[in-house]
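In: Curious how this folds, go ahead:
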Amino acid sequence: MTKLLLKLFLKNKPVDNNDSRSTVGKLSGAVGIVFNILLCVFKLIVGSFSGSISITADAMNNLSDASGSVVTFLGFKLAEKPADPDHPYGHARFEYLSGLGVAALIILIGFELAKSSVLKIINPTPVRFSVPLLVVLVLSILAKLWLYLFNKKLSHIIDSATLAATAADSRNDVIATSAVLISAFLEHKTGFHADGVSGLFVALFILFSGISLAKETISPLLGENASPEIKAAIISTVTAHEKVLGFHDLMVHDYGPNQRFASLHVEMDSKEDPMLCHGIIDELERQCLKNHGVNLVIHYDPIVRGDKRLDELKSAVFEYLSEIDKRLTFHDFRIVDGADYTNLIFDVALPFDLDEKTVKAELDRRLNDRGDKKYFTVITFDCEAFNTNSK
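Out: I've put the predicted structure just below:
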């Protein structure tokens, strides 16, 4: 079924471009709208006749899912808009915003249903167990199970966190509806009023799904760290060239799926022809765009090699920083001699839990305890998150 729908919607187009990504996302939204509205209507009818608050709660859950599918559909539709003068990085973040809208809707409905379920626990009323009730709930479980598998597959095809969250929501619905079915059966057999408790359980699942989805969609909007996979891909491409001696300050900016921009400092021997280095850098940038879809800008850092004094002081700084904290790394090391002291100029990748002043003071003390000369450090502290893979 999934392959057939993809074939009908994509019309044999490849899925590795933005147009196909948008089509797959809209397909997920359209299918979700149809399925969830049908389930909501059937459950409302059965819930009204049976007097079951848990089934009515589950129907409202399907309504929230249908509303979420509408938002998902619109999010992918708006995300396919091309860049314009006001938004030169495109509109791909609409996909994240649609996920956030779904999360807000789910949380709101979950809260309202939780209140209704608590009232049902306080004032329980009997649930009329019937064959239609059984049929609707079983069909709902099967439909949601298919939606889970459907959205999970689509999320893998286009690598979409929004569709992955949609799939997880369908999985949670399978669990929640199963709980409703069990509670209705138990009440029919034992007389125990489990409907309110089951309704509350469903509401809590809705709230959990909403909060989880909110976390997943807010994180990239706030500027989360790049995935290890994309960082590794960039680093692998750059360091594969024999003229590249090291790198640091890798920063990846995410403006939505398939809209990534990055910058990186690349170290090369200062004795190399600058024009040659410039040409290598241009080629590396083109490779990253072609192979990984990342618009990369590389900063050229020439480094001095074979200077005995520089190498000795560099080794000393490495040793002292390791003694202060093994996580500390540095780059861009230079020496500038003054009349009475020597300036050591470099950058340090600083973990979030360390203090700049403390690290600098301790390093200065260790360097000047050498006794051979007075040293003064000029340190630029960088974020460790951009330098964890630096050589």
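In: For the rest of this, base every contact and every neighbour count on C-alpha atoms.
Out: Fine.
In: Now do the helices in the stretch 1-150 of the chain.
Out: Counting by DSSP state H, counting those that start in this stretch, the stretch 1-150 of the chain has these helices, from start to end: 2-10, 18-50, 53-79, 94-122, 131-158.
In: Measure how whichever helix or strand comes after the last one sits relative to helix 53-79, angle-wise.
Out: Proceeding N to C from helix 131-158, the next assigned helix or strand is helix 161-190, under DSSP states H and E. On the basis of axes from the mean of the first three to the mean of the last three CA atoms, to 10 degrees, helix 161-190 is oriented at 170 degrees to helix 53-79.
In: quick one: buried residues of helix 161-190?
Out: Burial within helix 161-190, assessed by neighbour count using 16 or more other CA atoms under 10 Å, is assigned to 161-174, 176-181, 183-188.
In: For residue 294, give the beta-bridge partners.
Out: When bridges are taken as DSSP bridges, the partners of residue 294 come out as residue 260.
In: what's the spacing between it and residue 160?
Out: 17 Å (CA to CA, to the nearest Å).
In: Compare those two (neighbour count), which wins?
Out: residue 294 (24 against 19; other CA atoms under 10 Å).
In: pLDDT value on the more buried one, please?
Out: Residue 294 is assigned 91 on the pLDDT scale.
In: And residue 50, by the same measure?
Out: 69.
In: for residue 18, same thing?
Out: 59.
In: repeat for residue 216
Out: Per-residue confidence at residue 216 stands at 78 (pLDDT).
In: okay, and the helix or strand of the protein with the least pLDDT?
Out: Of all helical and strand segments in the chain, the minimum by mean pLDDT, DSSP states H and E falls on helix 2-10, at a mean of 71.
In: tilt between that helix and helix 18-50?
Out: Angular relation of helix 2-10 and helix 18-50 on a 0 to 180 degree scale: 120 degrees, by the same axes, to 10 degrees.
In: what's in contact with helix 2-10?
Out: Contacts of helix 2-10 from elsewhere in the structure, counted by CA atoms under 8 Å, 6 or more residues apart in numbering, are 20, 23, 24, 27, 150.
In: State the distance from the fourth one to residue 163.
Out: The reference is to residue 27. With distances taken as CA to CA, residue 27 is found 11 Å from residue 163.
In: about what we covered before: just want the angle from the least confident helix or strand of the chain to helix 131-158.
Out: Computed by the same axes, to 10 degrees, the angle between helix 2-10 and helix 131-158 is 60 degrees.
In: which of the residues in helix 2-10 are buried?
Out: 6, 10.
In: chain center to it, what's the gap?
Out: Averaging C-alpha coordinates over helix 2-10 and over its chain gives two centres that are 27 Å apart (CA atoms, centre = their mean, to the nearest Å).
In: Using CSV, write out every CA atom in it.
Out: The C-alpha trace of helix 2-10 is given here as CSV (Å, rounded to 0.1, in the frame of the first residue of the first chain):
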residue,chain,number,x,y,z
THR,A,2,2.8,2.4,0.9
LYS,A,3,4.7,1.7,-2.3
LEU,A,4,1.5,2.2,-4.3
LEU,A,5,0.8,5.6,-2.7
LEU,A,6,4.4,6.7,-3.2
LYS,A,7,4.2,5.7,-6.8
LEU,A,8,1.0,7.6,-7.4
PHE,A,9,2.1,10.8,-5.6
LEU,A,10,5.8,10.9,-6.8
